[in-house]
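A.B. asks: Okay, here's the prediction I keep looking at, along with the sequence it came from:
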Amino acid sequence: MDPRRRRHFDRLLEEVLEELPPLVHELIEKVPLHVEDYPSERVMDELGVRYRQQLCGLYTGVPLTQRSVEQSGRLPDVVTIYREGVLASATGPSGRVSTKRLRREIRITILHELAHHHGLGEAELRELGYG
């Protein structure tokens, strides 16, 4: 990814994060947020994703609704945001990415992946407008 585009994305990501409510910030302290340009080949294979722009984010871990003592000692939960996927989702019909639309897609992706941490599935997220 072009370094200038990456800096622009990361600046908007920081702005979006600043605007999120304190409760979301508390959650991000418990579930770290990583940002990568695109998913690895391994992740794509595991998820059955053909094109790396199809994936905006990924929650890795055990949702709170499925936890038990048996999961203790596992790797920590992580939310990963993929710049290319979010940019592709924010691209309008004209092929351009507006700042407003990109900020919206960043916000939706963060909240979508954090919702997986709380056990919400794709159908529930679509119903809520975060699908």
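C.D. replies: Yes, it's here.

A.B. asks: separation between the most centrally placed residue in the chain and Arg4?
C.D. replies: With distances taken as C-alpha atoms, centre = their mean, Gly57 lies nearest the centre of the chain, 3.3 Å away. According to C-beta to C-beta, to the nearest Å, Gly57 and Arg4 sit 22 Å apart. C-beta: built from backbone N, CA, C; applies to glycine.

A.B. asks: I'd assumed Asp77 was in contact with Leu58.
C.D. replies: No. Counting by C-beta atoms under 8 Å, Asp77 is not a contact partner of Leu58; they are 11.2 Å apart.

A.B. asks: and Leu23, which of the three is it?
C.D. replies: Following DSSP: H, G, I helix; E, B strand; the rest coil, Leu23 is assigned to helix.

A.B. asks: Just give me the longest helix of the protein.
C.D. replies: Counting by DSSP state H, the longest helix found in the chain is helix 99-117.

A.B. asks: outside of that one, which residues touch it?
C.D. replies: If you take C-beta atoms under 8 Å, 6 or more residues apart in numbering as the criterion, helix 99-117 is touched by 9, 12-13, 15-17, 19-20, 24, 27-28, 31, 33, 56-59, 61, 63-64, 77, 79-81, 85-87, 89-90, 92, 124-125, 128, 130-131.

A.B. asks: just checking, what packs against the least confident helix or strand in the chain by mean pLDDT?
C.D. replies: The helix or strand of the chain with the poorest confidence is helix 122-128; it has a mean of 73 (mean pLDDT, DSSP states H and E). If you count contacts as 3 or more C-beta pairs under 8 Å, 6 or more residues apart in numbering; DSSP states H and E, helix 122-128 packs onto helix 99-117.

A.B. asks: Can you list the buried residues in the helix it packs on?
C.D. replies: For helix 99-117, burial by neighbour count (16 or more other C-beta atoms under 10 Å) applies to 102-103, 105-117.

A.B. asks: what about it, average pLDDT?
C.D. replies: Helix 99-117 comes out with an average pLDDT of 91.

A.B. asks: mind saving the C-alpha coords of it as CSV?
C.D. replies: Only the C-alpha atoms of helix 99-117 are listed here, as CSV (Å, rounded to 0.1, in the frame of the first residue of the first chain):
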residue,chain,number,x,y,z
THR,A,99,-13.3,10.8,3.8
LYS,A,100,-16.8,10.6,5.3
ARG,A,101,-17.5,7.2,3.8
LEU,A,102,-14.1,5.9,4.8
ARG,A,103,-14.6,7.1,8.4
ARG,A,104,-18.0,5.4,8.5
GLU,A,105,-16.5,2.1,7.2
ILE,A,106,-13.7,2.2,9.8
ARG,A,107,-16.2,2.8,12.6
ILE,A,108,-18.5,0.0,11.4
THR,A,109,-15.5,-2.5,11.1
ILE,A,110,-14.2,-1.8,14.6
LEU,A,111,-17.7,-2.1,16.1
HIS,A,112,-18.5,-5.2,14.0
GLU,A,113,-15.4,-7.1,15.1
LEU,A,114,-15.8,-6.0,18.8
ALA,A,115,-19.4,-7.3,18.6
HIS,A,116,-18.0,-10.7,17.7
HIS,A,117,-16.1,-10.6,20.9
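
A.B. asks: No more questions from me, cheers.
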